[in-house]
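**Student:** predicted model, plus sequence, below.
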Amino acid sequence: MNDATDCAYCGCDVTVHDPVYVREGGADAETPYCNYGCLAAHVEEEGLAVGTTCSVEF
Ligand SMILES: [Zn+2]
């Protein structure tokens with residue numbers, strides 16, 4: 001059982017990087033990313049940057 005510290009984008013262990021944690025869509029859990037690079041890539045890939053960030057629906 002791990003502590004869910006794998007990057008949500010690339011699957012690396014975020015603790016060896018400079019991790020950022022994001023709470024998405026009102027979820028209780030925070031989603032880890034290695035850094036802002038992975039977060040930005042995830043946002044782009046999922047099209048989350050389209051529309052306002054305040055009204056993203058999952
Ligand atoms: Zn990553």
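**Tutor:** Alright, I've got the coordinates.
**Student:** the residue nearest to residue 7 when sequence neighbours are not counted: neighbour count?
**Tutor:** What sits nearest to residue 7 in space, not counting adjacent residues and going by C-beta to C-beta, 6 or more residues apart in numbering, is residue 34, at 4.6 Å. Bear in mind the C-beta positions are built from the backbone N, C-alpha and C, glycine included. Using other C-beta atoms under 10 Å, residue 34 has 23 neighbouring residues.
**Student:** quick check: residue 34 touching residue 21?
**Tutor:** No: using C-beta atoms under 8 Å, residue 34 is not in contact with residue 21, being 11.1 Å away.
**Student:** shaky segments in the chain?
**Tutor:** Low-confidence segments of the chain (pLDDT under 70): 1-4, 49-58.
**Student:** get me the contact residues on it for the ion.
**Tutor:** 7, 9-10, 12, 34, 38 (C-beta under 5 Å from the ion).
**Student:** which residue ranges form the helices in this structure?
**Tutor:** 36-46 (DSSP state H).
**Student:** all strands for it, in order.
**Tutor:** 20-22, 31-33 (DSSP state E).
**Student:** deepest-packed of these, please.
**Tutor:** strand 31-33 (a mean of 22; mean count of other C-beta atoms under 10 Å).
**Student:** mind listing what it pairs with, with the direction of each?
**Tutor:** strand 20-22 (antiparallel) (DSSP bridges).
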